[in-house]
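1. Please work out how this folds:
(one chain, ligands or ions: 2)
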Amino acid sequence: MCYHVIMNSLKKFFLTKILRRKYHRTGKCNACGQCCSKIYVKHFKHVVKDEKEFEKLQYLHSFYTYLKVVDKDDTGLVFECCNLDPETKKCRIHKSRPGICRRYPQEELFSMGGALSDDCGYRLEPIISFEEVLKKHPSFGQ
Ligand code: SF4
Ligand code: SF4
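-> Ligands and ions are numbered 1, 2, ... in the order given. Sure, this is the predicted structure:
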């Protein structure tokens with residue numbers, strides 16, 4: 001078995017069995033700024049819908065102090081980040097941006113009912129492809 005196949009299998013094992021991930025991120029950021037101007041906040045298992053609750057969360061993490069409420073919809077409160085330059089659509093603190101911004105997008109986005117914007121340069125691809133699932137469980141395809 002060649003080196004790349006072994007490394008790929010190890011990577012898949014680590015992501016799916018250890019980290020319990022279903023998707024991995026591909027592509028790159030094209031700095032459209034959309035993910036910084038429509039943000040939901042998930043705390044434990046729920047999306048924050050209440051401003052009073054959010055005020056308390058601001059003591060927990062500095063990232064929350066960057067956010068201001070701009071709307072509310074069926075999912076919850078909608079925030080915009082104050083570090084987003086409205087003209088250039090670039091992050092003013094790009095080099096020191098929080099880890100949560102560096103890791104965006106992650107598959108938790110789907111569990112919040114969210115989706116990547118059409119303009120986003122990233123994609124979340126299934127780690128185990130549909131073809132591989134079919135190979136393992138051929139009865140699914142019948
Ligand atoms: S800190 Fe920067 S990257 Fe993070 S949400 Fe704000 S503008 Fe976006
Ligand atoms: S939506 Fe995607 S491409 Fe746009 S700024 Fe966010 S991560 Fe980058």
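2. show me where pLDDT drops low in this structure?
-> Along the chain, the model assigns pLDDT under 70 to residues 1, 112-113, 130, 133, 137-138, 140-142.
3. repeat that with 80
-> Flagging of the chain using pLDDT under 80 yields the residue ranges 1-2, 5, 7-20, 108-114, 128-142.
4. Kindly report the residues of it close to ligand 2.
-> 29-35, 104, 117, 120-122 (C-beta under 6 Å from any ligand atom). From N, CA and C alone the C-beta is placed, and that goes for glycine too.
5. Quick check: ChimeraX command selecting the buried ones in those.
-> Only the buried members of those enter the following ChimeraX selection, criterion being 16 or more other C-beta atoms under 10 Å:
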select :33,35,104,120,122
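6. can you redo the residues of the chain next to ligand 2 as JSON lines with secondary structure?
-> Formatted as JSON lines, the residues of the chain next to ligand 2 follow (DSSP: H, G, I helix; E, B strand; the rest coil):
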{"residue": "Cys29", "secondary structure": "coil"}
{"residue": "Asn30", "secondary structure": "coil"}
{"residue": "Ala31", "secondary structure": "coil"}
{"residue": "Cys32", "secondary structure": "coil"}
{"residue": "Gly33", "secondary structure": "coil"}
{"residue": "Gln34", "secondary structure": "helix"}
{"residue": "Cys35", "secondary structure": "helix"}
{"residue": "Tyr104", "secondary structure": "coil"}
{"residue": "Ser117", "secondary structure": "coil"}
{"residue": "Cys120", "secondary structure": "coil"}
{"residue": "Gly121", "secondary structure": "coil"}
{"residue": "Tyr122", "secondary structure": "strand"}
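7. Dump the residues of the chain next to ligand 2 into a markdown table; add distance to Glu51 as well.
-> Converted to a markdown table, these look like this (distance: C-beta to C-beta, whole Å):
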| residue | distance to Glu51 |
| --- | --- |
| Cys29 | 30 |
| Asn30 | 32 |
| Ala31 | 30 |
| Cys32 | 28 |
| Gly33 | 24 |
| Gln34 | 23 |
| Cys35 | 22 |
| Tyr104 | 23 |
| Ser117 | 25 |
| Cys120 | 28 |
| Gly121 | 32 |
| Tyr122 | 30 |
